[in-house]
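Participant: With the input below, show me the fold.
(chains A, B, C and D)
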2 protein chains.
Amino acid sequence: MLNRNDYTPLYVQLQRIIRQDIIRGKYKEGDMIPSEAQMMKLYGVTRTTIRKAISDLVNEGLLRQVQGKGNFVCLREVKQNIWNFSGFTDYVTKKNETPVSKVLEQRIITQDGREWMKLVRVRGIKNKLATLWLTIDTSLVPLSVFPGIDQYDFSRQSLYSIMKQQYKTVPTHALLQIEPIMGDKNTKELLAYEEDIPLLQANGTVISEDEAEIEQVQVIYGPHMNFKIVTSI
Amino acid sequence: MLNRNDYTPLYVQLQRIIRQDIIRGKYKEGDMIPSEAQMMKLYGVTRTTIRKAISDLVNEGLLRQVQGKGNFVCLREVKQNIWNFSGFTDYVTKKNETPVSKVLEQRIITQDGREWMKLVRVRGIKNKLATLWLTIDTSLVPLSVFPGIDQYDFSRQSLYSIMKQQYKTVPTHALLQIEPIMGDKNTKELLAYEEDIPLLQANGTVISEDEAEIEQVQVIYGPHMNFKIVTSI
DNA sequence: CAGTGGTCTAGACCACCCT
DNA sequence: GGGTGGTCTAGACCACTGT
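Facilitator: Next up, the predicted model:
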């Protein structure tokens, strides 16, 4: 129970209770914890206080909130923010190679009540003798922001160059999440490798100067990619 | 200004305004942004809404809150969070957790004709009931730059705090390479997981202000780590 | 002292999910 | 429809910081 004479803020006391219940196994991975309304009655505090406690636990990665359903235990994810990340963009140009793209899929889909162009490409570099496929790139581009963008041929022109030239929109930020994955059979064929080795995958959102979401992107980096990061602390 | 007819939540609109002001340089590193009371008048919303907007920006690492003084732009703090360099210890402490380190190996080796302290640690966070192991860190520290550093007990003090306090040397840059790996049996035991899932590994060099190489490091990130990246293109 | 952020109350209406 | 979280209002009192 909460102690109102304690100097410790109520929401901190509440956090400790919830955290301990999770660690002790009262609520297990994927379980729903009591609803905010229930906790209001149970602990005799307002919803604001409950939500402050929960909000911090979400940031810790211990809980996940789902609208209309509830708050759930989520025993993974410790988050880190990273700046100054330079990835594939510079990679090819720095190597003085010719970038190539093969379009695997390009069509309009509806998702979350919005229309998007879905674009799946294999991207790589080419020299006289061979083509080295490096990444599989899946993009969702909102048609509301880029009407008619599905008419372009993205095996010949890059997505960002079209956005810049035809729509005067420039990507300025990206929110990405990196995780290691095992490629499936299809991935192995596209990126031309055989071994059972793990790959890197980045998922995220690309944002323009005026904070519009201009692309949802998933990139699978093949075994020939090196991820170099230069960073200032 | 805020648009009350927009379906976008007011606090999100507010975040965008503040973020843009920071990015565009209206508020610079270390500046105080307008006080919450001022913003209430300025935007005609309650303090709760203001604080929700600010709270998220704090979690993004863009602002820092100081009681009794104000809310300040904080681009430096974000950069400190890069891949644990500059400190796992700082990072974890900020999250109100207790960092723990277990030293697996600490000895002097000779490599490339130089003497190094080799330090292998498992690192994690601890609360009363459980310890969550997050990373396996292997560091090579040149004895020529840090003579006698092998005498310290790194299960009790962090490597960077010793470098800072005893040797007046601060890490400022890192050159890193990220790759996915499969953990071996030993890795699974140390990071306490069972499944055959791929992990992330970072290899690199940490460099001080005067461009001296102060550490060669390899970090294996366990399945509980989740990487979020915020980047400017 | 006045100004700042930190905590908390007691409501309200909405969007979403499931049945 | 009834339950859930998401957003927002209009206050209150406190702790901390400076002058």
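
Participant: mind listing the strands for chain A?
Facilitator: A:63-66, A:70-73, A:78-80, A:98-111, A:114-126, A:131-142, A:171-182, A:198-208, A:213-221, A:227-232 (DSSP state E).

Participant: Tell me which of those sits nearest to DNA strand C.
Facilitator: The closest of these to DNA strand C is strand A:63-66. By Cβ to the nearest atom of the strand, the value is 6.8 Å. All C-beta spots, glycine's among them, are computed from the backbone N, C-alpha and C.

Participant: can you pull up the bridge partners for the closest residue to A:Glu105 other than its chain neighbours?
Facilitator: Excluding the flanking residues, the one nearest A:Glu105 by Cβ to Cβ, 6 or more residues apart in numbering or on different chains is A:Val120, at 4.0 Å. Beta-bridge partners recorded for A:Val120 (DSSP bridges): A:Glu105, A:Thr138.

Participant: same deal with A:Glu179?
Facilitator: A:Gln201.

Participant: re earlier: tell me the contacts of the residue nearest to A:Glu105?
Facilitator: A:Val103, A:Leu104, A:Glu105, A:Gln106, A:Ile136, A:Asp137, A:Thr138, A:Ser139 (Cβ atoms under 8 Å, 6 or more residues apart in numbering or on different chains).

Participant: One more pass at 6 Å, please.
Facilitator: A:Val120 makes contact with A:Leu104, A:Glu105, A:Thr138 under the criterion Cβ atoms under 6 Å, 6 or more residues apart in numbering or on different chains.

Participant: same deal with A:Ser139?
Facilitator: Remark: with contacts taken as Cβ under 6 Å, 6+ apart, A:Ser139 is in contact with A:Leu119, A:Glu215, A:Val217.

Participant: Run a quick neighbour tally on A:Arg4.
Facilitator: Neighbour count for A:Arg4, taken as other Cβ atoms under 10 Å in any protein chain shown: 9.

Participant: before we move on, back to that, for the contacts of A:Val120, pick the one with the most neighbours.
Facilitator: The most crowded member of these, judged by other Cβ under 10 Å, is A:Thr138 (16 neighbours).

Participant: Can you give me the distance of it to DNA strand D?
Facilitator: 27 Å (Cβ to the nearest atom of the strand, to the nearest Å).

Participant: mind checking pLDDT for that residue?
Facilitator: pLDDT, the model's per-residue confidence, is 90 for A:Thr138.

Participant: Which of the helices and strands in chain A ranks last by mean pLDDT?
Facilitator: Ranked by mean pLDDT, DSSP states H and E, the weakest helix or strand in chain A is strand A:78-80, scoring a mean of 41.

Participant: Not counting its neighbours along the chain, what's nearest A:Leu119?
Facilitator: Leaving aside its sequence neighbours, A:Leu119 sits nearest to A:Ser139 (Cβ to Cβ, 6+ apart; 4.5 Å).

Participant: From A:Val219, how far off is that neighbour?
Facilitator: A:Ser139 sits at a distance of 9 Å from A:Val219 (criterion: Cβ to Cβ, to the nearest Å).

Participant: Get me the contact residues on chain A for DNA strand C.
Facilitator: Counting by Cβ under 7 Å from any atom of the strand, chain A comes close to DNA strand C at A:9-12, A:44-49, A:52, A:66-69.

Participant: who touches stretch A:36-43?
Facilitator: Stretch A:36-43 has contacts (Cβ under 6 Å, 6+ apart) with A:Leu2, A:Arg47, A:Ile50.

Participant: now swap in stretch A:45-57 and tell me
Facilitator: Here stretch A:45-57 makes contact (Cβ under 6 Å, 6+ apart) with A:Leu10, A:Tyr11, A:Leu14, A:Gln15, A:Glu36, A:Met39, A:Met40, A:Leu63, A:Asn71.
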